[in-house]
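> Provided below are the primary sequence and the corresponding predicted coordinates.
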Amino acid sequence: QVQLVESGGDLVQPGGSLKLSCTVSGGALSFHDMAWYRQTRGNQRELIATSPRSGPSDYKDSVKGRFTVARDNHGNTVYLTMSGLSPDDTAVYYCNLKTPTWAVQQYEIWGQGTQVTVSS
């Protein structure tokens, strides 16, 4: 059974940086498409970055140039490095895993979420 474990959320000051991790177990990261979402209370979960199994990553405009997704297929871990953080980035961050559309078995897995708080 594929599972995701996230870590790295913290309290950080405005302008600071943070690196989130999402480790895949029970499956190979290299086989899956990954994404990062975030959610604030009372709002829907929003997609902020994608990391397909092949091809370039893509980012929501509001985080473009500040956030970077990196995959370590050997370590089965995907990272979200965030810089220039502002209070607007405060949210629970989730990693998401999906099988390719051509895969026989389709599934989608969510991490447990990690809290990022940007405040002075």
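Nice, thanks for sending it over. As the structure is a computational prediction, the values presented were derived from the model and not from experiment. Numbers count the residues shown, from 1 in each chain.
> without its sequence neighbours, what residue ends up closest to residue 105?
Distances taken as Cβ to Cβ, 6 or more residues apart in numbering place residue 99 nearest to residue 105, at 6.6 Å, with adjacent residues excluded. Placement of C-beta: from N, CA and C, glycine included.
> hang on, that neighbour packs against residue 32?
Yes. With contacts counted by Cβ atoms under 8 Å, residue 99 reaches residue 32, the gap being 6.2 Å.
> the two: which has the busier surroundings?
Neighbours were counted for residue 99 and for residue 32 using other Cβ atoms under 10 Å; residue 32 has more, 24 against 18.
> next, the buried residues of stretch 39-48.
Going by neighbour count (16 or more other Cβ atoms under 10 Å), the buried part of stretch 39-48 is 45, 48.
> actually stretch 102-120, not the one I typed
Counting neighbours by 16+ other Cβ under 10 Å, the buried set in stretch 102-120 is 109, 111, 113, 114, 116, 118.
> and of the residues you listed, the nearest to residue 44?
The closest of these to residue 44 turns out to be residue 113 (Cβ to Cβ; 14.2 Å).
> checking the residue most central in space within the chain next. Helix, strand or coil?
By Cα atoms, centre = their mean, the chain has its centre lying nearest to residue 36, at 2.8 Å. Under DSSP: H, G, I helix; E, B strand; the rest coil, the three-state class of residue 36 is strand.
> for the residue of the chain most remote from its centre, give me its contacts.
Relative to the centre of the chain, and counting by Cα atoms, centre = their mean, the farthest-placed residue is residue 104 at 24.8 Å. Counting by Cβ atoms under 8 Å, 6 or more residues apart in numbering, residue 104 touches no other residue.
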